[in-house]
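J.: starting from these lines, generate the structure:
(one chain, ligands or ions: 2)
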Amino acid sequence: EEWKEKGAAVGVRREVDANGQVVTKVTKKGVNDFEFGRTLGEGSYSTVLAATDRATLREYAVKVLDKKHIIKEKKVKYVNIEKDTLNRLTNHPGIVKLYFTFQDERSLYFVLDLASNGELLGVLKKMGTFDEECTRFYGSQILDAVEYMHSRGVLHRDLKPENVLLDSKMHVKITDFGTGKILDEPKPRKMDNGADPFPREESARAVSFVGTAEYVSPELLTAKEGGKPTDLWAFGCIIFQLLTGRPPFKGATEYLTFDKILKLDYTFPSGFPDVARDLVERLLVPDPSKRLTIDHVKNHPFFDGVNWGTKLWEQKAPRLK
Ligand SMILES: Nc1ncnc2c1ncn2[C@@H]1O[C@H](COP(=O)(O)OP(=O)(O)OP(=O)(O)O)[C@@H](O)[C@H]1O
Ligand SMILES: O=C(O)C[C@H](Cc1nc2cc(Cl)cc(Cl)c2[nH]1)c1ccc(Cl)cc1
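T.: Ligands and ions are numbered 1, 2, ... in the order given. From the prediction side, this is the model:
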């Protein structure tokens, strides 16, 4: 009973049956344990609904995927990547937490943190642009979450304002890990020439997909390689976009966008703050090995005064202006 109370996904209960035998009962929550509410949004293969756990009255976002549709669209791999990736990111305030999954004959269900204030993109569109203080606040929370991801050997690879959700306190909750990449556990190689037995994790594997055009890094377009620096490129695009209201590389077609990226064809509007300009210029660097690393970004003057510890997640979100 206690497990059920805590709203645990899978509870193990011991019961004594009629003839005094101790039996073990395993309970897994299912659709009937939830009361579904409003639709929060639709994806290509999914619908996300607000839902309340009847036992604990806790609110969640439940992402429902139609099995037939996933199979038809050959998306089984992505769904399982999303599940495995989210399962590795269990303990960070800036990442949408996956509590549990279940399925019935028709659908798959992800039970996730509810980010009730929607997408950062929507808020940015309403505001037009963010001032430096708001950009610093949201930028620092996104960066802190990316640092945790990378520390758990996970690349996001599709960071963009649509995938940065906001919870009831207007704090960041990064989502959409279907395009994520788990950097394989470094397996020591037998090296007879005494070379490094552990492969450098940055040496990414060839990837077959690219993220969203405007935020794709040059190395993903040319070498089909995408390591941790790929997420930092996207981060640079996001900082630029928060301050200007538009991404740095945006062509009339995807091809023209890619062309601008490869030519590093972007300009800062007049009035773009100098400190922020220096940061963006050091992130939008074609050579991934020359791009700022997360530690460098955290120490960049643009983030002066940011407390990178737990305080980052306890502070009040700045009023958007
Ligand atoms: N945890 C959540 N809390 C609140 N809203 C969410 C949550 N997850 C997703 N949403 C909303 O639901 C919509 C659909 O999300 P979902 O991840 O299913 O698809 P998507 O990734 O946006 O689309 P696609 O699958 O095409 O990339 C999103 O636009 C988002 O606004
Ligand atoms: O139970 C698990 O842990 C693993 C399963 C694996 C799994 N079973 C599937 C069935 C179908 Cl039809 C499609 C996908 Cl993508 C499927 N993925 C699963 C169940 C639910 C969810 Cl949301 C993801 C993966």
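
J.: use CA for all of it now, contacts and neighbours both
T.: OK.

J.: which residues touch whichever residue of the stretch 151-300 of the chain sits closest to ligand 1?
T.: Per Cα to the nearest ligand atom, Asp176 is where the stretch 151-300 of the chain lies closest to ligand 1, at 5.2 Å. Asp176 makes contact with Glu82, Asp158, Asn163, according to Cα atoms under 8 Å, 6 or more residues apart in numbering.

J.: before we move on, what about Leu279?
T.: Leu279 neighbours (Cα under 8 Å, 6+ apart): Gly236, Val297, His300, Phe302.

J.: thought the last one was touching Val275?
T.: I take that to be Phe302. Yes. Between Phe302 and Val275 there is a contact under Cα atoms under 8 Å: 5.6 Å.

J.: of the two, who's got more company?
T.: Higher neighbour count among Phe302 and Val275: Phe302, with 23 against 13, using other Cα atoms under 10 Å.

J.: coming back round to it: kindly give a single ChimeraX line that selects the buried subset of the contacts of Leu279.
T.: Burial among the contacts of Leu279 is assessed by 16 or more other Cα atoms under 10 Å; the matching ChimeraX selection reads:
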select :236,297,302
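
J.: got the contacts of Leu279 as TSV, with secondary structure columns?
T.: Shown next, in TSV, are those (DSSP: H, G, I helix; E, B strand; the rest coil):
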residue	secondary structure
Gly236	helix
Val297	helix
His300	coil
Phe302	helix
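
J.: burial count for the nearest residue in space to Ser168 that is not next to it in sequence?
T.: Excluding the flanking residues, the one nearest Ser168 by Cα to Cα, 6 or more residues apart in numbering is Ser116, at 5.5 Å. Around Ser116 sit 17 other residues, with neighbours defined as other Cα under 10 Å.

J.: can you check the one 5 residues further on too?
T.: The local packing count at Leu121 equals 20, with neighbours defined by other Cα under 10 Å.

J.: tell me the secondary structure for it?
T.: Applying three-state DSSP to Leu121 yields a three-state assignment of helix.

J.: and the longest helix along the chain, what other elements does it pack with?
T.: Secondary structure of the chain per DSSP state H: the longest helix is helix 132-151. For helix 132-151, the packing partners by 3 or more Cα pairs under 8 Å, 6 or more residues apart in numbering; DSSP states H and E come out as strand 172-174, helix 228-244, helix 294-298, helix 311-314.

J.: if you count neighbours, what's buried in that helix?
T.: Those would be 132, 134-150, for helix 132-151 by 16+ other Cα under 10 Å.

J.: closest one to ligand 2 among the helices and strands packed on helix 132-151?
T.: Nearest of the helices and strands packed on helix 132-151 (Cα to the nearest ligand atom): strand 172-174, 17.8 Å.

J.: which residues are contacting the closest one?
T.: Around strand 172-174, the neighbours that count as contacts under Cα under 8 Å, 6+ apart are 93-96, 115, 138, 141-142, 145, 163-167.

J.: now that strand: how far from the chain's centre is it?
T.: 7 Å (Cα atoms, centre = their mean, to the nearest Å).

J.: same question, stretch 297-315
T.: In terms of Cα atoms, centre = their mean, the centre of stretch 297-315 is found 19 Å from the chain centre.

J.: CA atoms only for it, dumped as PDB, please.
T.: What follows is stretch 297-315 as a C-alpha-only set of coordinates in PDB (Å, rounded to 0.1, in the frame of the first residue of the first chain):
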ATOM      1  CA  VAL A 297      31.100  29.500 -21.000                       C
ATOM      2  CA  LYS A 298      30.300  29.400 -17.300                       C
ATOM      3  CA  ASN A 299      33.300  31.600 -16.600                       C
ATOM      4  CA  HIS A 300      32.500  34.000 -19.500                       C
ATOM      5  CA  PRO A 301      31.800  37.700 -18.300                       C
ATOM      6  CA  PHE A 302      28.300  37.400 -19.800                       C
ATOM      7  CA  PHE A 303      27.500  35.100 -16.900                       C
ATOM      8  CA  ASP A 304      29.200  37.100 -14.200                       C
ATOM      9  CA  GLY A 305      27.300  37.000 -11.000                       C
ATOM     10  CA  VAL A 306      25.500  33.700 -11.800                       C
ATOM     11  CA  ASN A 307      25.500  31.300  -8.900                       C
ATOM     12  CA  TRP A 308      26.000  27.900 -10.700                       C
ATOM     13  CA  GLY A 309      25.100  25.800  -7.700                       C
ATOM     14  CA  THR A 310      21.700  24.700  -6.500                       C
ATOM     15  CA  LYS A 311      20.800  28.400  -6.000                       C
ATOM     16  CA  LEU A 312      20.500  28.700  -9.700                       C
ATOM     17  CA  TRP A 313      17.300  26.600  -9.400                       C
ATOM     18  CA  GLU A 314      15.900  28.200  -6.300                       C
ATOM     19  CA  GLN A 315      16.100  31.800  -7.400                       C
END
